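Student: any chance you can model this:
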Amino acid sequence: MVSGHLSVKKGYYYCVLSFNDELGKRKTKWISTGLPEKGNKKRAEAILIEERRKFIPPSITGGADDLFADFMKYQWLPTVKGNIELSTFSSYEGMLNNPVFPYFKELGVTLKDLKPKHIQDFYTLQSGRVKGATVKHYHAIIHEALEWAVKMELILFNPADRVDVPKSRQFIPEYYTADEIIKLFDCIKGDEMELLIKMACFYGLRKSEILGLKWSAIDFEDDTFVIRHTVTKTRVGGKKIIVKKDRPKRKASYRTMPLFGSFRKELLEMKERQEAYKKLCGKSYNYEDEEYVFVDAMGSLHDPERVSRHFKSVLRKNGLKKIRFHDTRHSSGSALCQDRVSMKEIQEWLGHSDYSTTANIYSHLTSDTKRGTMESMAKVLGLCDKKEETASKEAIPSVAKD
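Tutor: As a prediction, the model looks like this:
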């Protein structure tokens, strides 16, 4: 039921109803009760209740005769906004605005007339423009919107159930080797984001996790810190906003990490510098973000986009291989994998939600671990003599353990 109240205009009661139109803008509708103000308040209140009960906002008056594009943008999207994360809504909105809405708007097909072939043709067209994984994202929101239409009894079945979704290729990330990470560390000595980048590489932290690290999450007595808060930047309604939240990406992302000795020392030194900056800057210091670890000299939290730009600039200036900031996370996982750390341990270190995610990303790096198996098989079958066996064993690098 929409909200509403009574208002008196020229001596008569009016019901004033408030609702969102099809564009999501707040609107009001005035309905005359025909009752004079004097002595009719209770009767007017009864009419208000009835008008509120039967009134259907324009944003949800559409049905199966609406264009599919309009249905998705003006009916389905507003309904999911309150039930999903803001970053997820931003993603939905972005994909809908381009290319889903323009394509189906131009196609002119209604919700009731939408066929599997309409959707399949859209996927085929997009497959020639973007990766299969991106088309899968388009499919996800189209399928979800149509499921809602089925639930609302606007259509009998979901036509997206009957299409073939393009397969996405296995994701093989870019990453730095251990030597490249060491070189990167040498190049960022004295940089304003030195510790931020080093900890991101070492722990394989997401950018949202390293920026969301608070002083309260660090236990300098037990030498641990907890990943439990994130900072992201997203676009909503055409505007970019910073989103701070106490819920990590997934349940597995909430994790306690051991604090490495040199990082402990650098963090304490950073904390001292921040206290000095507060005294130096006085009221000009940004106390709003003082709970965060990684802030600039004036106390302002580092902007996520600026971190990416700065990282890119560091690599370019030092002639280092071009990777994304997020690839520092893959560099951490790759280094552990190549040092024969188990996939289960890497999963827990990186905070992946399930084992298969870790295995799918890093399985291509486990060829060295199969060498021992190969030698054992050759030995059992008598396919190599002792001289070859010795030479082969010497070729396998030993792994130093702490």
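
Student: give me the neighbour count for the residue lying closest to residue 12 once chain neighbours are set aside.
Tutor: Closest residue to residue 12 apart from its sequence neighbours, by Cβ to Cβ, 6 or more residues apart in numbering: residue 36 at 6.0 Å. Every C-beta, even on glycine, is put in place using the N, C-alpha and C of the backbone. Neighbour count for residue 36, taken as other Cβ atoms under 10 Å: 12.

Student: and residue 36, what does it touch?
Tutor: Residues counted as contacts of residue 36 (Cβ atoms under 8 Å, 6 or more residues apart in numbering) are 11-13.

Student: and these, which is closest to residue 318?
Tutor: Taking Cβ to Cβ as the measure, residue 318 lies nearest residue 13 of the contacts of residue 36, at 73.8 Å.

Student: so the residue nearest to that closest one when sequence neighbours are not counted: helix, strand or coil?
Tutor: Among residues not flanking residue 13 along the chain, residue 44 sits closest, at 3.9 Å (Cβ to Cβ, 6+ apart). Of the three states, residue 44 takes helix according to DSSP: H, G, I helix; E, B strand; the rest coil.

Student: ok, residue 44 - contacts?
Tutor: With Cβ under 8 Å, 6+ apart, residue 44 has these contacts: 6, 13, 15, 33, 35.

Student: filter the residues you listed to the buried ones?
Tutor: Taking 16 or more other Cβ atoms under 10 Å as the criterion, what is buried in these is 6, 13, 15, 33, 35.

Student: which positions in stretch 14-32 come out as buried?
Tutor: Those would be 14-17, 19, 22, 29, 31, for stretch 14-32 by 16+ other Cβ under 10 Å.

Student: let me know the closest of the buried ones among the contacts of residue 44 to residue 281.
Tutor: Residue 281 has its nearest neighbour among the buried ones among the contacts of residue 44 in residue 6, at 53.1 Å by Cβ to Cβ.

Student: give me phi/psi at residue 180?
Tutor: Backbone torsions for residue 180, taken as degrees, to the nearest 10, come to phi -70, psi -30.

Student: check residue 344 too.
Tutor: Torsion angles, degrees, to the nearest 10, at residue 344: phi -60, psi -40.

Student: what about the residue nearest to residue 13, distance to residue 14?
Tutor: Distance of residue 44 to residue 14, computed by Cβ to Cβ, to the nearest Å: 9 Å.

Student: joint contacts of these two?
Tutor: Residues touching both residue 44 and residue 14 (Cβ under 8 Å, 6+ apart) are 6, 33.

Student: which helices and strands sit right next to the helix or strand hosting residue 226?
Tutor: Using DSSP states H and E, residue 226 sits within strand 224-227. Packed against strand 224-227, as judged by 3 or more Cβ pairs under 8 Å, 6 or more residues apart in numbering; DSSP states H and E, are the following elements: strand 218-219, strand 255-258.

Student: if we use 6 Å, what do you get?
Tutor: Secondary-structure packing of strand 224-227 (3 or more Cβ pairs under 6 Å, 6 or more residues apart in numbering; DSSP states H and E): strand 255-258.

Student: ok, residues contacting whatever helix or strand comes next after the strand it packs on?
Tutor: The C-terminal neighbour of strand 255-258 among helices and strands, as given by DSSP H and E, is helix 261-281. With contacts defined as Cβ atoms under 6 Å, 6 or more residues apart in numbering, helix 261-281 is touched by 195, 285, 297.

Student: out of those residues, the closest to residue 232 would be?
Tutor: residue 195 (20.5 Å).

Student: tally up the residues packed near the closest one, please.
Tutor: By other Cβ under 10 Å, neighbour count at residue 195 equals 19.

Student: okay, and it sits in which element?
Tutor: Element membership of residue 195 [criterion: DSSP H and E] is helix 194-203.

Student: please export the C-alpha coordinates of that helix as CSV.
Tutor: What follows is helix 194-203, C-alpha atoms only, in CSV (Å, rounded to 0.1, in the frame of the first residue of the first chain):
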residue,chain,number,x,y,z
GLU,A,194,54.3,1.3,-0.6
LEU,A,195,52.9,-0.6,2.3
LEU,A,196,49.5,-0.8,0.7
ILE,A,197,50.9,-2.4,-2.4
LYS,A,198,53.2,-4.7,-0.5
MET,A,199,50.5,-6.0,1.8
ALA,A,200,48.1,-6.5,-1.2
CYS,A,201,50.8,-8.6,-3.0
PHE,A,202,51.8,-10.5,0.1
TYR,A,203,48.4,-11.4,1.4
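
Student: how far off centre is that helix?
Tutor: 20 Å (Cα atoms, centre = their mean, to the nearest Å).

Student: same for it, what does it pack against?
Tutor: For helix 194-203, the packing partners by 3+ Cβ pairs under 6 Å, 6+ apart are helix 327-338.

Student: one more time with 7 Å, if that's ok
Tutor: Counting contacts by 3 or more Cβ pairs under 7 Å, 6 or more residues apart in numbering; DSSP states H and E, helix 194-203 packs against helix 207-211, helix 261-281, helix 327-338.

Student: same for the last one, what does it pack against?
Tutor: Helices and strands in packing contact with helix 327-338 are listed as helix 178-187, helix 194-203, helix 343-350, helix 355-362; criterion 3+ Cβ pairs under 7 Å, 6+ apart.

Student: please repeat the previous calculation with a cut-off of 10 Å.
Tutor: Applying 3 or more Cβ pairs under 10 Å, 6 or more residues apart in numbering; DSSP states H and E, one finds that helix 327-338 makes contact with helix 178-187, helix 194-203, helix 207-211, helix 343-350, helix 355-362.

Student: and the gap between the closest residue to residue 327 other than its chain neighbours and residue 80?
Tutor: Distances taken as Cβ to Cβ, 6+ apart place residue 174 nearest to residue 327, at 4.9 Å, with adjacent residues excluded. For residue 174, the distance to residue 80 equals 33 Å [Cβ to Cβ].

Student: again, but for residue 193
Tutor: 36 Å.

Student: so between these two, which is more surrounded?
Tutor: residue 193 (18 against 15).

Student: can you give me the neighbour number for the residue nearest to the more buried one when sequence neighbours are not counted?
Tutor: Counting by Cβ to Cβ, 6+ apart, residue 193 lies nearest to residue 310, which is 5.9 Å off, once chain neighbours are set aside. With neighbours defined by other Cβ under 10 Å, the count for residue 310 comes to 18.
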